[in-house]
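Visitor: coordinates only, no sequence provided:
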DNA sequence: ATGAAAGCGCTAACAG
DNA sequence: CTGTTAGCGCTTTCAT
């Protein structure tokens, strides 16, 4: 906007009879350091407030090559997981004098790439991105990230970009072992978007939990292909039509679980009586559902805080850091969606 | 961040043997208009892509006095109502070449004010704000908004700032009449933050629904003071301890309803048997709760789209618009949290 | 069909 | 203690 009348250093300088740099020094609090006379300091400050001066970040950013702005690219801000993430990131950023430009990639690589370009043009000091996850080339220029960057949630282990994520693998193991330990043997897994780290880790956990307990994995019980509600709905419908119904299902995302709930309700089937359910990714409403849903909760506020902190460190002191990943533990919240079954195979 | 090696117009100009303005014209697509020779155009374009040129928005914004950036201030991005709003706003903005700087005010006037200052410094072209709601002075400079601005959700009728909001008043009437028509006479109202437009409108609807049906309002049944979960929890606990229990409750926000649910569950009371519940503000999970909750749904995506459109219009052509409000209708979604009662007073 | 000059608002280097 | 000069990268007159 910057309408006509806006006060500038130049105007203040004119009104107070000193030079522009002097005004700049005073107004950026460097008065002391430059040993500017108290008289001048007071004068400049007075006139600045009189004129309701607001610094122009654009100009100073251009000069300083520093915008104090972070780009945040996430797949879906309306998903509570991501909005909680966004909240904690925004808060941490703000606490350190940074602002956030928000880009919603709509779970789409195309928009993700556009957002990269955009944020590069806007000269953000760093980037926090929760990748759509299947494509990774655009994250690099040459062999290094194009700007200081950290990934949250989904990540690319092969890419030398630091990341913060839940320990999905162990979370999934906890979940599925819980099922097994409750006597379940035919456990379905409704998975999310293939080739994304979260999905891979969770499905791997699903499989390894079986192995840990000396069971074989029935590949035909691993179904689904995205993190949406519809996916859970459809797959649940199909699963329940099978001759050999699973006795339990492990959903790798909360939206998937929602879909399962809807499908079961439609079919007049009940949880946990007809099917035990355990979900990855808690949701504020899970404890109010009937039954309350047993979940593997992610510490999403933690994830955001850590990601922001990591990024700011890299911005303040580039190149001194390792680029590994940080895995934040999950928590198994046992509620009432899993019932004891008779483990007829053991 | 603008690292050293970044391509600039100057560099491209040098490499292609033309002047900086010429490069600028070509790269901003004004080649034709300035009748620059095709040879030059091709040359410049080639070199620009070779050098992987990214325009510097900072510089052009400074020059143009136009940032193509919108500020978005909302009270709590982790609240699904606001995150859906944010999503539709971001999408509309992006579709029109604008980016969003996100500020979460944490339901706090102090942060809201800071965000104003911040966004002014960042020279956003316009502002969409969902006000915390109790203070409004900082929205104006003199008597007019300080930058093109539109309010969403909560608004200030007295302030000559355009706003987009759900028709809370009629929504509340629908809800409460629904209760009355189902035979309820002792209907509690758990309200949100006092002196906010949404709360005022909803409580007014609550009262007028009674009047419409020839009933008197029992002021002692209007309780509560904020939109949080805790508020619903506490007030429900107290209400259910009364000698004369209400038979139904109207909650003016979804978080409040959540709190009521928790309180009732703890007390071993069930909905709708012991208490009928109707909630303002739908939530994706409401239909999966037991019982599914009857609500007044807001069209929050609509709200966002309209707000963004309104703001962009004002930015493109200032001063030609009225500053009234737009009320978007709500929808009563009848599910199963309201039971028929015998209207013993009629 | 293109270039030279000027300036958006700010800050850093250098001078005195 | 303060001013002069210069320049960040871009776009817009105004010339030619």
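Guide: Yep, it's here. The structure displayed is predicted, hence computed values, not measured ones.
Visitor: pLDDT wise, what is the residue nearest to residue A:326 when sequence neighbours are not counted at?
Guide: In space, and not counting its chain neighbours, residue A:326 is closest to residue A:164: 4.7 Å by CB to CB, 6 or more residues apart in numbering or on different chains. The C-beta positions use only the backbone N, C-alpha and C, and glycine is treated the same way. Per-residue pLDDT puts residue A:164 at 97.
Visitor: one more: residue A:38?
Guide: 90.
Visitor: got the phi and psi for it?
Guide: As for residue A:38, its main-chain torsions (degrees, to the nearest 10) stand at phi -60, psi -40.
Visitor: can you pull out the helices in the stretch 51-200 of chain A?
Guide: For the stretch 51-200 of chain A, applying DSSP state H, counting those that start in this stretch gives helices covering A:57-64, A:80-95, A:109-121, A:168-181, A:197-212.
Visitor: can I get the ones you listed in TSV including mean pLDDT, mean neighbour count and distance to residue B:252?
Guide: Shown next, in TSV, are those (pLDDT from 0 to 100; neighbours: other CB atoms under 10 Å in any protein chain shown; distance: least, CB to CB, whole Å):
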stretch	mean pLDDT	mean neighbour count	distance to residue B:252
helix A:57-64	96	18	39
helix A:80-95	96	23	21
helix A:109-121	95	19	36
helix A:168-181	97	22	37
helix A:197-212	97	21	37
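Visitor: between the ones you listed, which one is closest to chain B.
Guide: Evaluated over the helices of the stretch 51-200 of chain A, closeness to chain B peaks at helix A:80-95, with 3.9 Å, by CB to the nearest CB.
Visitor: which residues are contacting that closest one?
Guide: A:70, A:72, A:74-77, A:99-100, A:102, A:128, A:130, A:152-153, A:254, A:281, A:283-284, A:298, A:300-305, A:307-309, A:312, B:76-80, B:83, B:86, B:102-104, B:106 (CB atoms under 8 Å, 6 or more residues apart in numbering or on different chains).
Visitor: distance between it and the chain's centre?
Guide: 8 Å (CA atoms, centre = their mean, to the nearest Å).
Visitor: before we move on, what about stretch A:92-106?
Guide: 12 Å.
Visitor: give the buried residues for it.
Guide: For stretch A:92-106, burial by neighbour count (16 or more other CB atoms under 10 Å in any protein chain shown) applies to A:92-94, A:98-106.
Visitor: returning to that earlier point: show me how to select, in PyMOL, the buried members of the contacts of helix A:80-95.
Guide: Typed into PyMOL, the next command selects the buried ones out of the contacts of helix A:80-95 (criterion: 16+ other CB under 10 Å):
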select buried, (chain A and resi 70+72+74+75+76+77+99+100+102+128+130+152+153+254+281+283+298+300+301+302+303+304+305+307+308+312) or (chain B and resi 76+77+78+79+80+83+86+102+103+104+106)
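Visitor: inside strands: which ones of the contacts of helix A:80-95?
Guide: Applying DSSP state E to the contacts of helix A:80-95, the entries found in strands are A:70, A:72, A:74, A:99-100, A:102, A:128, A:152, B:102-104.
Visitor: picking up where we left off before, name the residues linked to the residue nearest to residue A:326 by a beta bridge.
Guide: With DSSP bridges as the criterion, residue A:164 is bridged to residue A:152, residue A:326.
Visitor: and the gap between it and chain B?
Guide: 18 Å (CB to the nearest CB, to the nearest Å).
Visitor: and what of residue A:224?
Guide: 19 Å.
Visitor: local confidence estimate at that residue?
Guide: 97.
Visitor: contacting residues for it?
Guide: So residue A:224 contacts A:189-192, A:231-232, A:235, A:256 (CB under 8 Å, 6+ apart).
Visitor: how about residue A:287, nearest residue that isn't a chain neighbour?
Guide: Per CB to CB, 6+ apart, closest to residue A:287 is residue A:335, 6.3 Å.
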